[in-house]
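Visitor: Sequence plus predicted model, see below.
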Amino acid sequence: MTVIGVDDTDSRERGMCTTYLAAVIADRLRETGGADGDEGANVERALLVRLNPAVEHKTRGNAALAVHTDADPERAFELAREEVARVAETDDRRTNPGLVVAPGNPGDVPESVADFARRAVRDRLAIEEAEERIETAGYRGEGWKLGRGRIGALAAVGAWSAFGGGDEASAETGADWTYECISYRDPERVGTPREVDPESVFDAATAAYPAAWDTVDRETGELVCVPHTPGPILHGIRGDDPETVREVAEAIESEPVSRRALFVTNQGTDAHLRDADGFDAVEDGRAYRVEGTVAEEPETRRGGHVFFALEAPESADDESPTLRCAAFEPTKRFRDRVRDLRVGDRIAACGEVSNGTLKLEKFAVRALDRTELVTPDCPECGRSMKSAGAGQGYRCRDCKTTADGKIEREVERELEEGWYEVPPEARRHIAKPLVRGGFDAPIHPEK
């Protein structure tokens with residue numbers, strides 16, 4: 001077996017997509033990947049690995065790709081190098097492609113490579129470390145321009161081992177792989193408006209839900225599976241099994257599909273989240289799952305962004321560490337759920353940290369503060385009492401009754417205990433939709 005890893009070949013402005021490059025490489029292997037080039041090689045799978053979404057050098061979804069094949073390593077390297085050089089958008093100054101080819105079974109890479117893959121999903125890694133591990137493992141590697149893509153390429157090579165490849169391994173390690181079926185446009189159409197029939201997308205999405213998820217946003221009518229950016233992808237269908245995503249893709253009425261590829265992926269798994277060891281340990285450029293108590297009322301600021309402070313659960317004094325949390329405008333109706341939070345609510349919050357702020361992807365209500373302090377009513381006449389002066393409580397001026405201070409009153413809450421999430425159109429590729437299950441509290445999924 002041979003593993004081909006590629007990364008950083010697309011562009012935010014010019015388009016392209018590394019998944020497309022992987023699909024092209026896979027097709028060439030099937031056609032001419034044999035030792036003499038006159039016969040094809042077998043492609044066992046293509047792997048789409050979403051790496052740390054907080055890395056500043058990413059293009060869009062920070063995806064690295066691997067192709068698992070029985071082609072000879074030298075033949076695989078030469079073929080893949082040709083396609084990277086031909087297809088990658090190297091005219092973009094931020095695009096720095098990388099290629100790594102590893103001989104051997106993808107589940108048997110050195111532990112140093114598997115460890116590199118695990119950390120690439122949650123940390124920032126340096127090109128120097130990637131180069132060192134490529135050399136130590138005896139892999140063939142090549143970079144274009146700065147060659148930063150070798151970080152993701154090596155991570156893609158190690159991902160199958162790092163995250164438990166195969167049914168047997170997945171059962172033992174708790175690995176969570178999902179699938180995406182991507183349909184690509186005719187090259188001549190790239191850059192023109194996509195022609196996709198919305199009704200057929202909604203019909204197919206409804207029939208396959210929840211096995212296929214994040215295909216549409218039913219609240220806004222958005223076709224989540226259809227990109228808005230320039231590039232070769234027509235639509236991408238994500239779900240829990242390969243048959244379902246293929247069926248949904250094939251049911252969509254659209255312009256002609258030039259090629260279609262199935263990817264095994266870590267999308268929709270929350271693989272990027274780590275449990276924070278206290279608020280003081282939270283760092284920018286990483287994603288966390290934290291627990292705390294709402295310390296201030298959510299505030300809507302300019303641009304429609306909603307902010308509040310979360311207080312660490314282990315402290316209750318004025319020096320308690322706090323973490324600023326935000327639901328930004330693109331999360332749309334999710335902000336209403338955040339606005340429903342009150343001081344004293346206990347929650348779990350998940351998201352990426354940037355500039356000291358946790359950008360919410362989902363949160364769980366652990367306990368709600370269901371009371372508020374209000375001015376007491378007079379027990380005689382029922383009218384609201386008035387302040388009797390600073391520190392003197394309240395009194396009814398007509399009945400002369402008194403009360404020592406404000407009283408607690410139960411309030412109705414819109415929120416319920418359990419998990420809330422951003423809508424499908426605002427979800428990160430790697431973030432786990434609630435409908436996939438496995439959460440530690442009731443769920444309130446967005447469809």
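Guide: All right, it came through fine. Residues are numbered from 1 along each chain as shown.
Visitor: pLDDT weak spots in this protein?
Guide: 12-15, 57-60, 166-175, 314-319 (pLDDT under 70).
Visitor: What are the contacting residues of stretch 207-221?
Guide: 198, 201-202, 204-205, 222-225, 237-241, 244-245, 247-248, 251, 268, 332-333, 423-425, 427, 433, 435-436, 446-447 (C-beta atoms under 8 Å, 6 or more residues apart in numbering). (Each C-beta comes from the backbone N, C-alpha and C, glycine too.)
Visitor: So what are the sheet partners of the helix or strand in which Leu262 is found and their directions?
Guide: Per DSSP states H and E, Leu262 falls inside strand 257-265. Strand 257-265 pairs in its sheet with strand 43-50 (parallel), strand 178-185 (antiparallel), by DSSP bridges.
Visitor: what residues does the first one touch?
Guide: Okay, so that is strand 43-50. If you take C-beta under 8 Å, 6+ apart as the criterion, strand 43-50 is touched by 1, 19, 22-23, 26, 29-30, 33, 61-70, 106, 117, 121, 152, 155-156, 159-160, 180, 261-267, 271-272, 429-430.
Visitor: Would you mind listing which of those residues are buried?
Guide: Listed as buried from the contacts of strand 43-50 are 1, 19, 22-23, 26, 29-30, 33, 61-69, 106, 117, 121, 152, 155-156, 159-160, 180, 261-267, 271-272, 429-430; burial here means 16 or more other C-beta atoms under 10 Å.
Visitor: Just the ones of these in strands?
Guide: 63-69, 180, 261-265 (DSSP state E).
Visitor: which residues touch the spatially closest residue to Glu39 that is not a sequence neighbour?
Guide: Residue nearest to Glu39 in three dimensions, not counting chain neighbours: Thr32, with 7.7 Å by C-beta to C-beta, 6 or more residues apart in numbering. Thr32 sits next to 38-40, 79 when contact means C-beta under 8 Å, 6+ apart.
Visitor: Go again with 10 Å.
Guide: Thr32 makes contacts with 38-41, 71, 75, 79, as judged by C-beta atoms under 10 Å, 6 or more residues apart in numbering.
Visitor: Likewise for Ala155?
Guide: Residues near Ala155 by C-beta under 10 Å, 6+ apart: 5, 7, 49, 51-52, 64, 66, 100, 113-114, 116-121, 125, 130, 162.
Visitor: ditto for Lys359
Guide: 53-54, 287, 305, 325-328, 331, 349-353, 422, 428.
Visitor: what's the helix or strand for it?
Guide: Going by DSSP H and E, Lys359 is part of strand 357-367.
Visitor: Which parts of the chain belong to which domain?
Guide: As assigned by automatic domain parsing, the chain contains the domains 2-173, 178-265, 273-370+412-444, 371-410.
Visitor: Let me know which of these is tucked in deepest.
Guide: Among the domains of the chain, ranked by average contacts under mean count of other C-beta atoms under 10 Å, first place goes to domain 2-173 (a mean of 21).
Visitor: what about stretch 371-389, how long is it end to end?
Guide: 25 Å (C-alpha to C-alpha, to the nearest Å).
Visitor: quick one: contacts of it?
Guide: Contact with stretch 371-389 is made by 342-344, 393-411, as judged by C-beta under 10 Å, 6+ apart.
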